[in-house]
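> My questions concern the predicted model and sequence given below.
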Amino acid sequence: MLKIDMHTHLMPDRMPRWADKFGYGGFIHLDHHRKGWARMMQDSKFFREINENCWDPEVRINEYLEFDTQVQVICTIPVLFAYWAKPKDCLEISEFLNDHIAEIVQKYPKQYVGLGTVPMQDAELAVQELHRIKEIGLVGIQIGSNVNNKNLNEAEFFSIFETCSKLGLAVMVHPWNMMGKKHMERYWLPWLVGMPAETSRAMCSMIFGGVLERLPGLRVNFVHSGGAFLPTIGRVEHGFNCRPDLVAIDNPVNPREYLGKFWVDCITHDPLMLEYVLKLQGSKRVTLGTDYPFPLGDLEIGKFITEMELDESIIEDIFCNATLEWLNLTKEQFLQ
Ligand SMILES: [Zn+2]
């Protein structure tokens, strides 16, 4: 069975020293301190140690073979978005990262599919890069759950979504820049509490702000199974019904109506939760994702799904059909 992992991160092993180039700090660079490993550094501050499976496409292909997974959808690591930087500098970084991903896709067209990144802080530059993303063969973009703490329903982002819809580019929404981070650094809470909340924040913003309503052709996937959104849909809907004066001010449609219209990945780490997600979304809207190669990901690549005794057709939807439809690709292009 074709298996496509649609949520994986990759970065170049060599990057310009953006801080030297642009004359200010805050950018990530790699310190290759020992063979096969590197430290991601933000100026002089240590961010995370990564392995060569974060940058070497052949190492990754071999690791995926162990789990019978043929295709990886690759995108950058959210900490590289640089939405906070000067827009033209962020554009240059985005071009660099997108070209790198496009090169890998060109070299390994049966193993890799690429999503780009754009300078969300400047819609005009973002739209310009979307056209280029399409030309260089990427099939969509990954964006953050907020942009410098602005929500995705802000009018300034609409032209970006509209262009994605027109160009047929898919959108993956990834949590980052987690709310409340400063107040809950202990116990990895930004990742365990902040990330699911961020994804729900993005979904509620795009639904209540009418983005999904105005762009029914926009194909959006919210990672980590939609974070806190699906488990709290009852509360979200009740809020919409009991306080429409607060909630239904920009879009009169009940949020439950959007279930099954967007995609979510399967990263729940919990069969019971995945059953619930499948019930709400339908198997055509739940995609195989892992967050590879990071430790909080599902690094056995959907093994828990094969152990759930689901119908073969449901497993096939999750493992490939849902992603193919989200990215508007055909199965044939990946057959060896
Ligand atoms: Zn991720």
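Thanks, I have it.
> going forward, measure contacts between C-alpha atoms and count neighbours the same way
Will do.
> burial of K181, as a residue count?
Residue neighbour count, defined by other CA atoms under 10 Å, stands at 16 for K181.
> Pull out the buried positions in stretch 143-153.
Within stretch 143-153, the residues that count as buried by 16 or more other CA atoms under 10 Å are I143, G144, S145, N146, V147, N151, L152, N153.
> Kindly check the end-to-end length of that stretch for me.
13 Å (CA to CA, to the nearest Å).
> Following element in sequence after the longest helix along the chain, please.
Looking across the chain with DSSP state H, the single longest helix is helix 87-107. Next helix or strand after helix 87-107 toward the C-terminus (DSSP states H and E): strand 112-116.
> what about the following helix or strand past that next one, average pLDDT?
Using DSSP H and E, the helix or strand that directly follows strand 112-116 along the chain is helix 123-135. Mean pLDDT, helix 123-135: 98.
> With stretch 18-28 instead?
Averaged over stretch 18-28, pLDDT sits at 96.
> and what of stretch 304-320?
pLDDT averaged over stretch 304-320 gives 97.
> list the buried ones in that stretch?
Buried residues in stretch 304-320, counting neighbours by 16+ other CA under 10 Å, are found at I305, I314, I315, E316, D317, I318, F319, C320.
> Arrange these in TSV, one row each, with distance to L329 and secondary structure as further columns.
Below are these laid out as TSV (distance: CA to CA, whole Å; DSSP: H, G, I helix; E, B strand; the rest coil):
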residue	distance to L329	secondary structure
I305	23	helix
I314	19	helix
I315	18	helix
E316	15	helix
D317	14	helix
I318	15	helix
F319	14	helix
C320	10	helix
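> which one of these sits closest to D89?
D89 has its nearest neighbour among the buried residues of stretch 304-320 in C320, at 36.2 Å by CA to CA.
> L288 is in contact with the closest one, correct?
Yes. If you go by CA atoms under 8 Å, C320 and L288 touch, sitting 7.2 Å apart.
> Mutual contacts of these two, please.
Shared contacts of C320 and L288, defined by CA atoms under 8 Å, 6 or more residues apart in numbering, comprise K3, I4.
> Let's have the buried residues of stretch 143-153 in TSV, adding secondary structure and distance to A170.
Shown next, in TSV, are these (DSSP: H, G, I helix; E, B strand; the rest coil; distance: CA to CA, whole Å):
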residue	secondary structure	distance to A170
I143	strand	11
G144	strand	14
S145	coil	15
N146	coil	18
V147	strand	18
N151	coil	19
L152	coil	16
N153	coil	17
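> can you list these in CSV and add distance to Y292?
Listed next are those as CSV, based on distance: CA to CA, whole Å:
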residue, distance to Y292
I143, 17
G144, 18
S145, 19
N146, 22
V147, 24
N151, 27
L152, 25
N153, 29
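> Nearest to R14, out of those residues: which one, please.
Closest to R14, out of all of these and judged by CA to CA, is I143, at 22.6 Å.
> who does the closest one bridge with?
Note on I143: beta-bridge partners by DSSP bridges are V173.
> That one: what's it in contact with?
With CA under 8 Å, 6+ apart, I143 has these contacts: T117, V118, M120, V171, M172, V173, H174.
> Also N51?
G36, W37, A38.
> filter these to the buried ones?
W37, A38.
> Name the nearest of the contacts of N51 relative to F67.
Using CA to CA, G36 comes nearest to F67 of the contacts of N51, at 21.7 Å.
> show me the contacts for that closest one.
The neighbourhood of G36, defined by CA under 8 Å, 6+ apart, consists of N51, E52.
> Regarding it, what are the backbone dihedral angles?
Backbone geometry at G36, expressed as degrees, to the nearest 10, gives phi 80, psi 0.
> again, but for the one 4 residues further on
Backbone geometry at M40, expressed as degrees, to the nearest 10, gives phi -80, psi 120.
> Locate the closest residue in space to it that isn't next to it in sequence within the secondary structure: which element?
Leaving aside its sequence neighbours, M40 sits nearest to L30 (CA to CA, 6 or more residues apart in numbering; 4.8 Å). Secondary structure assignment for L30, by DSSP H and E: strand 28-34.
> And the contacts of that strand?
By CA under 8 Å, 6+ apart, the residues outside strand 28-34 that reach it are 13-17, 38-43, 79-80.
> strand partners of that strand, parallel vs antiparallel please.
strand 37-42 (antiparallel).
> what pLDDT, on average, does the partner strand get?
Averaging pLDDT along strand 37-42 yields 95.
> Could you identify the helix or strand that succeeds it?
Heading C-terminal from strand 37-42 (DSSP H and E), you reach strand 45-51.
> Could you check the angle that next one makes with strand 37-42?
Taking axes from the mean of the first three to the mean of the last three CA atoms, to 10 degrees, one finds strand 45-51 and strand 37-42 inclined to each other by 150 degrees.
> Run the chain-centre distance for strand 45-51.
Put simply, strand 45-51 sits 20 Å off its chain's centre (CA atoms, centre = their mean, to the nearest Å).
> Before I go, just wanted to say thanks for your time.
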